[in-house]
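Student: only geometry, no sequence info:
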C-alpha cells in the first residue's frame, strides 16, 4: 500500500480493509454509527485528513482498549533513517505486525461467550506525532468512560529466536511501571516478559496522561526500523503467534480481576 502514509489514498484502502474485518468478526462501531473516526492535523503547511478505526466487542461498558497504529512512512519523510528517502517504506513490523496481531485478538475474543467490553482501535497519524491516539483520548474518551486499561501493540513481528526464552518487551510509562508489575507477568517456555520504561513516544501515553493504566507490547527495535528493508519477508510469523497468544492471556487476566 505504498507505505500507508497517513491521509493517503492507500491508507484509506487499508482503513476500509480493517473495518471490513472488524465487521466480519461481529464487532460494532465504538464511536457513533460507523467504524471510522476522521480527524485532521497539519504537518508544516500541509493539512492531513486521516481516520482512526474503532470497534467494540463483548457486553457492558468498555473496560479495556486494544490498540495499534496502521500508518507508516509512505515513501519516506523526516523520520526515515534512509539517506535517500524516495523509496517505499513497507513498515511490515512497524506496524503491520501490530495490526495483524490485533485483528487476530479481535477475532479470538469475539468468539468467546460473555466477554467484557473490549475496544479495538487502529490509529493513524502515529508517525507524524501520535495524532490519532491523542485525538481519540481527548475527543472520544466519553465513549470509554469506564476504561481501566490500554494495551498497545507496536512492532511485535521480530521475536528474537536467538534467545531462549525470547524477550517480549512490555513498555510502560515511568509512573505506570508498578501497575504492570502487580500483574505478575509469567514467563513461558518460549517467552520471557521484560518490563521496561518507555523511552520513545507511544500511542498509550495520551491515555496514561488521563489516569488510565497502560502498556505497549513490542519485540524490540532492529536494524530495519524506519528503513526500506522493513519487509514482510523479515517477520517472524511463528513468533507473532506466540505473542498473540501471550497477549490474549494477559488481557483475560486483566478482565478477570
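Tutor: Okay, I see it. As the structure is a prediction and not an experimental result, all values here were calculated from the model. Numbering: from 1, shown residues only.
Student: report the secondary structure state of residue 142.
Tutor: Following DSSP: H, G, I helix; E, B strand; the rest coil, we place residue 142 in the helix state.
Student: how much space between it and residue 162?
Tutor: As judged by CB to CB, to the nearest Å, residue 142 and residue 162 stand 46 Å apart. For glycine as for every other residue, the C-beta is placed from the backbone atoms N, C-alpha and C.
Student: just residue 178 next, same as before
Tutor: Applying CB to CB to residue 178 and residue 162 gives a distance of 31 Å.
Student: of the two, who's got more company?
Tutor: Just comparing residue 178 and residue 162: by other CB atoms under 10 Å the higher neighbour count belongs to residue 178, 10 against 5.
Student: quick one: distance of stretch 68-75 to the chain centre.
Tutor: Remark: stretch 68-75 is offset 11 Å from the chain centroid, using CA atoms, centre = their mean, to the nearest Å.
Student: use 41 as the first number from now on
Tutor: From this message on, residue numbering opens at 41, which makes the last subject stretch 108-115.
Student: quick check: end-to-end length of it?
Tutor: Chord length of stretch 108-115, first to last residue, is 21 Å (CA to CA, to the nearest Å).
Student: let me see the mean pLDDT of that stretch.
Tutor: The pLDDT scores in stretch 108-115 average 96.
Student: and for stretch 244-263?
Tutor: 95.
Student: now residue 204, nearest residue through space, not along the chain?
Tutor: Spatial nearest neighbour of residue 204, chain neighbours left out: residue 230 (7.9 Å); criterion: CB to CB, 6 or more residues apart in numbering.
Student: next: residue 210.
Tutor: Leaving aside its sequence neighbours, residue 210 sits nearest to residue 235 (CB to CB, 6+ apart; 4.8 Å).
Student: need the mean per-residue confidence for the helix or strand hosting the one you found.
Tutor: Assigned by DSSP states H and E, residue 235 belongs to strand 231-237. Mean pLDDT, strand 231-237: 92.
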